[in-house]
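**Student:** Sequence and predicted structure below; questions after.
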Amino acid sequence: MAAIGNCALCGFEKTLQESHIFPEFLYNELYDGLHSYRVLSTMPNAPNLRRRKGIYERLLCADCDQRRLGRLDDYAAKVFKGGIEIEVADQPDSLIVSNLNYEKFKLWQMSLLWRCGVSRRPEFEGTRLGPHAERLRRSLLEEQAGQPHEYGCTVVLPSSHQVIGKSIYPPEPITIDGHQCYRTSFGALWWIFVVSSHSAAFPFQEGFLREPGVLSIFKEHTHSSNFLLKLGKDLGAL
């Protein structure tokens, strides 16, 4: 039976799709031979279980799910899995990824943060965006990626990336130098989203995606970045 409701993105009353919060391609490394993956619970009364599909809910209309956000997911999948020509320079302290489409990849990052923030699923209850949810919604609807510091995201390659690559960790709130942030893990990387009205003053902006489509991914094991030193044990506790 079709579910009718207001689409979380465009706001119109339409048939709602089973929309993924994290796009399905991010789960590919988690699936076993039976196309299922383990869900490990951190709550004492909630058992571990197995799922055959990523986390989804009836959230978006078909147009928003498949066209507006779907095209961003398709682009990101090509960045992760191949399909577009990007360049990666291996530096001692970071990986420098260039030739990204700034608008598409920045909007994709913002869409993940927004989807987690508006989701009603218990896995994302720690992501509470307040007025930022509406600002992100309008940016996505109007396809306005904004400046690098506006909902910027710093990416870290952990020393244990082979293990991290087999897991997805939902966002949890942290504070960095007085800025509200959310960190999550997927694609063998840590992603730290800055959700702050004064993000122009965030001290580690060298990690944000910047024009004309360059992303510096910090290497955790080098311990050469002040940003990583700030995270310290907190990052390693994930």
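**Tutor:** Cool, got the structure.

**Student:** Low-confidence ranges, the protein, go.
**Tutor:** Across the chain, the ranges flagged by pLDDT under 70 are 1, 30-54, 160-166, 221-238.

**Student:** Let me see the ranges of the strands in it.
**Tutor:** 4-6, 13-20, 37-39, 49-51, 56-61, 87-90, 94-98, 153-157, 169-176, 179-186, 189-194, 215-219 (DSSP state E).

**Student:** for the chain, which helix is longest?
**Tutor:** Taking DSSP state H as the criterion, the chain has its longest helix at helix 102-118.

**Student:** so what does that one touch, helix or strand wise?
**Tutor:** Judged by 3 or more CB pairs under 8 Å, 6 or more residues apart in numbering; DSSP states H and E, helix 102-118 is in contact with helix 69-81, helix 131-141, strand 169-176, strand 179-186, strand 189-194. No exception for glycine: its C-beta is placed from N, CA and C like everyone else's.

**Student:** how much does it deviate in direction from helix 131-141?
**Tutor:** Orientation check (axes from the mean of the first three to the mean of the last three CA atoms, to 10 degrees): helix 102-118 against helix 131-141 gives 140 degrees.

**Student:** From the chain's centroid, how far away is helix 102-118?
**Tutor:** Chain-centre distance of helix 102-118: 7 Å, with CA atoms, centre = their mean, to the nearest Å.

**Student:** Identify whichever of the helices and strands packed on helix 102-118 lies nearest to Asp90.
**Tutor:** Smallest distance to Asp90 across those (CB to CB): 15.0 Å, for strand 189-194.

**Student:** now the strands of the chain in CSV, with distance to Val79 and mean neighbour count?
**Tutor:** Converted to CSV, the strands of the chain look like this (distance: least, CB to CB, whole Å; neighbours: other CB atoms under 10 Å):
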stretch, distance to Val79, mean neighbour count
strand 4-6, 31, 11
strand 13-20, 17, 18
strand 37-39, 22, 15
strand 49-51, 25, 11
strand 56-61, 22, 20
strand 87-90, 11, 10
strand 94-98, 8, 17
strand 153-157, 12, 23
strand 169-176, 20, 16
strand 179-186, 13, 20
strand 189-194, 12, 22
strand 215-219, 10, 21
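
**Student:** And those: which comes nearest Asn28?
**Tutor:** With CB to CB as the criterion, Asn28 lies closest to strand 37-39 of the strands of the chain, at 9.9 Å.
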